[in-house]
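*Asks:* Sharing a model that was predicted from the sequence below.
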Amino acid sequence: MRLALFKTLLTSALALSAHVAAAADPAPTPAPAPAAPEAPNEELQAKLGGWTVTLYGQVAVNVLHDSTQSFGVASGNTILQRRGTFRGNNDQLQLTSRDSRLGLRINLPDYGSIKTLAVIETDFGATLPVEATENATYIQTPLRMRLFYLQLQTPIIDVAAGQMLDLFGWGGRGFFPNTLAFQGITGQIYHRQTSVRLSKTVRPGGLELEAAVAATRPVQRASGLPEGQAGLRLALPAWSTVRAQGYGRPGVGPLSLGVSGVGRRLEVAEFLEYPGASQRALGWGFAVDAFIPVVPVKSTQDRRNALSLVGEFSTGTGISDLYTELTGGALFPTLTNPQDRQQPTNPPPVYPQNIDSGIATFDGDANLRTINWQAFVVGASYYLPFWNGRIWVSGNFAQVKSNNIVKYTPIPGRPFVYSKARYYDANAFITLTDHFQAGYSFQAVEQTFGDQVKAKNYRNEVGLHLIF
C-alpha cells in the first residue's frame, strides 16, 4: 500500500513541476539531516496524506582548460604529470555535464513525536574503467549512488543510516569552501560512505550544540571491524551571514566550530606472494573546522557586503582515502625475485594487495607502516555592494603534506611520489535569476615530488548551473 502511495506521490511531484513555492530565506541553522545542507534550496514539493516529497537537483555544464593533461573533471589530490612527459607538456580542454544531479527528499507522516525522513540523490559521476572511450566518459555516463540515507528524529536521540557525507570533517554542515572547483579540493576532507550515526542537538541560551558518533563501513573488508567517528559542533545562530558551499546556491549560515575524529584498524596481508597471516596497524585522524561570519547578513534576498571566512585543519595517519583521490603516489614495494622468474611461463612474484593504495605500505624490513598526512584549507567570500549582492567573489588556499611518504618509498620510486601539494583559486559568481547561476574560476596546483622536482597545473573553468 505504501509503495503504491509513494508511486502516486512521485507522479504528483512531476505533474506539479510548474508549481514552485514562494521564495523564503533559508533557516539560520543547518538542516538536521547529515548531508542535506549540500543540496540546493528545496522548493518543488508534492503533499498528500501527511507525506511530503521534495524534488531538487541541478543541471550543470562545466568547461575546463588545463595547462597539463593531469586531471579529469575533478582535480582533488590527483598526481600531476611532470614536465618532459607528453601529458605534462600538453594542455587539454573538457566540457562536461556529469555534475548534474537529481534528488528526492521524502518526509513521511509523523509517528507520535518521531519524525522520519529519507534522502535519495544521484548524479553521473561514477568511476569508469581505465579503458573507457572518451565518448563513454563524457556522454554515456552511468548513474551513481550519491546520497541514500534515512533519518529518525526522536525527542531523545536522532538516528541516521545509509550513504552520506562523513561525520569526520562535518561534511556538508557549513564548512565547505566556496569554489567552482569540484569538491573536494586539495587537502579538503570530502568523503561519502555507508554509516550509522547517532546524534543529539541541544539549544541552551541561543547556542546550538550537537554531539554525534558514527560507525562506518571499514576501510577494508579484511579489518573485520567498523570504522569509528565522533564529533562536536557548536553554532551561534544569532551571528550569521550569507555563504555558499562549493558552487551551491547561497544560504544563511551561523558562526560555527566543529571538531571531529576518526579511528580505524588496518589488517593487511603479510608481504609475501602467498600470505598466510596479516599485519595490523591503527589509523586515526583529527580535524577542526570553522565558519566565521565577518560581516553579518540575515537575508539571501539582500546579500550586499556579506563577508565570511572558512577553514579546516586536519592531521592523521592511514586516512588518505578520506581526502579526494589522495595517494601521493605511494604504492606497495615489489616483492624480491631471488629465482629470477621471468615472463611469460614463470612470471615474477606479485604481492596480493588487499587494501587501497596510499593508506599504508611496507618498509625495507617488511613492516607495515601507515602514511601520515597533514592538511589545511582556508577561504573567504565577499558579496559585492550592489544589485543586492547577486555578484560575489571568493578565494581559497590549501596545502597537504606528508612527512614519511618519501621515507617509505624505495629510491627508484621517489620521483613518482609527492610529499607536498599546494592549491589556490579565485572565483567570481553571478546569479542572473533565483535559479540560474554562472561562475568563473582560476585554479593552480603545485606538487613537490620525492626528488624535489616540482610540477604545476593551471586551470581555467567556467560553470553554468540551473539549480532547483
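*Replies:* In hand now; what should we look at? What you see is a predicted model, and the numbers here were worked out from it, not measured in a lab. Residues are numbered from 1 along each chain as shown.
*Asks:* Off-centre distance for stretch 81-100?
*Replies:* Distance of stretch 81-100 from the chain centroid (CA atoms, centre = their mean, to the nearest Å) equals 21 Å.
*Asks:* Quick one: mean pLDDT for that stretch?
*Replies:* The average pLDDT for stretch 81-100 rounds to 94.
*Asks:* May I see the buried residues of that stretch?
*Replies:* Residues of stretch 81-100 classed as buried under the neighbour-count rule (16 or more other CB atoms under 10 Å) are 81-82, 88, 94, 96, 98-100. C-beta: built from backbone N, CA, C; applies to glycine.
*Asks:* now do stretch 52-71
*Replies:* Quick answer for stretch 52-71 (16+ other CB under 10 Å): 52-60, 62, 64, 66-68, 70-71.
*Asks:* could you give the mean pLDDT of that stretch?
*Replies:* The average pLDDT within stretch 52-71 is 95.
*Asks:* Dump the helix or strand hosting Ser256 to PDB, restricted to CA.
*Replies:* Assigned by DSSP states H and E, Ser256 falls within strand 251-269. Taking only C-alpha atoms (Å, rounded to 0.1, in the frame of the first residue of the first chain), the coordinates of strand 251-269 have been written out as PDB:
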ATOM      1  CA  GLY A 251      22.200  30.500   2.100                       C
ATOM      2  CA  VAL A 252      22.400  31.900   5.600                       C
ATOM      3  CA  GLY A 253      24.900  30.200   7.900                       C
ATOM      4  CA  PRO A 254      25.800  30.800  11.600                       C
ATOM      5  CA  LEU A 255      29.100  31.100  13.300                       C
ATOM      6  CA  SER A 256      30.200  27.500  13.700                       C
ATOM      7  CA  LEU A 257      33.000  25.400  15.100                       C
ATOM      8  CA  GLY A 258      33.400  21.700  14.700                       C
ATOM      9  CA  VAL A 259      35.900  19.200  15.900                       C
ATOM     10  CA  SER A 260      35.900  15.500  14.800                       C
ATOM     11  CA  GLY A 261      38.000  12.400  14.900                       C
ATOM     12  CA  VAL A 262      38.200   9.000  13.200                       C
ATOM     13  CA  GLY A 263      39.800   5.700  14.300                       C
ATOM     14  CA  ARG A 264      40.200   2.600  12.200                       C
ATOM     15  CA  ARG A 265      42.000  -0.800  12.200                       C
ATOM     16  CA  LEU A 266      44.000  -1.900   9.200                       C
ATOM     17  CA  GLU A 267      44.700  -5.600   8.600                       C
ATOM     18  CA  VAL A 268      46.900  -6.000   5.600                       C
ATOM     19  CA  ALA A 269      48.200  -9.300   4.200                       C
END
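*Asks:* And the average pLDDT for that strand is what?
*Replies:* Average pLDDT, strand 251-269: 96.
*Asks:* the inter-axis angle of the following helix or strand past it versus strand 251-269?
*Replies:* Per DSSP H and E, strand 251-269 leads on to strand 278-295 as the next helix or strand towards the C-terminus. Relative orientation of strand 278-295 and strand 251-269, computed by axes from the mean of the first three to the mean of the last three CA atoms, to 10 degrees: 170 degrees.
*Asks:* buried residues in strand 278-295?
*Replies:* Across strand 278-295, burial judged by 16+ other CB under 10 Å covers 279, 281, 283, 285, 287-291, 293.
*Asks:* same question, stretch 187-194
*Replies:* Going by neighbour count (16+ other CB under 10 Å), the buried part of stretch 187-194 is 187-193.
*Asks:* quick one: average confidence on that stretch?
*Replies:* 96.
*Asks:* So which residues make contact with that stretch?
*Replies:* Contacting residues not belonging to stretch 187-194 are listed as 35, 77, 146-147, 162-166, 168-169, 171, 176-177, 183-184, 216-217, 287, 312, 314, 321-324, 375-377, 398-400, 421, 423 [CB atoms under 8 Å, 6 or more residues apart in numbering].
*Asks:* From start to finish, how long is that stretch in a straight line?
*Replies:* End-to-end distance for stretch 187-194: 22 Å, by CA to CA, to the nearest Å.
*Asks:* so what's Val159 bridging to?
*Replies:* Leu152, Leu198 (DSSP bridges).
*Asks:* and it, what does it touch?
*Replies:* By CB under 8 Å, 6+ apart, the contact list for Val159 reads 151-152, 196-198.
*Asks:* any chance of these in a markdown table, with distance to Tyr351 and neighbour count too?
*Replies:* A markdown table is the format used below for these (distance: CB to CB, whole Å; neighbours: other CB atoms under 10 Å):
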| residue | distance to Tyr351 | neighbour count |
| --- | --- | --- |
| Gln151 | 42 | 22 |
| Leu152 | 44 | 14 |
| Val196 | 34 | 15 |
| Arg197 | 36 | 22 |
| Leu198 | 39 | 14 |
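*Asks:* Quick check: phi and psi at the closest residue to Gly88 other than its chain neighbours.
*Replies:* Spatial nearest neighbour of Gly88, excluding adjacent residues (CB to CB, 6 or more residues apart in numbering): Gln81 at 3.7 Å. Per-residue torsions, Gln81: phi -80, psi 130 (degrees, to the nearest 10).
*Asks:* My guess is Gln81 contacts Thr68. True?
*Replies:* Yes. Checked against CB atoms under 8 Å, the pair Gln81 and Thr68 is within contact range at 5.1 Å.
*Asks:* one step back: now intersect the buried residues of stretch 81-100 with the helices, please.
*Replies:* Taking DSSP state H as the definition of helices, these contribute Gly88.
*Asks:* which of the buried residues of stretch 81-100 lies closest to Asn367?
*Replies:* Relative to Asn367, the closest of the buried residues of stretch 81-100 is Arg82; by CB to CB it sits at 30.4 Å.
*Asks:* Can you give me every residue that contacts that closest one?
*Replies:* Neighbour list for Arg82: 88, 415, 449, 453, 455 [criterion: CB under 8 Å, 6+ apart].
*Asks:* Overlap in contacts, Gln81 and Thr68.
*Replies:* Common neighbours of Gln81 and Thr68 are listed as 87-88, 455 (criterion: CB under 8 Å, 6+ apart).
*Asks:* Now tabulate the residues you listed in CSV and tack on distance to Arg369.
*Replies:* What follows is the shared contacts of Gln81 and Thr68, written out as CSV (distance: CB to CB, whole Å):
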residue, distance to Arg369
Arg87, 30
Gly88, 29
Ala455, 25
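*Asks:* which residues of this structure score low on pLDDT?
*Replies:* Within the chain, the stretches with pLDDT under 70 are 1-43, 128-140.
*Asks:* measure the closest residue to Gly395 other than its chain neighbours to Leu180 for me?
*Replies:* In this structure, Gly395 finds its nearest non-sequential neighbour in Ala426, 4.9 Å apart by CB to CB, 6+ apart. Distance, Ala426 to Leu180, by CB to CB, to the nearest Å: 10 Å.
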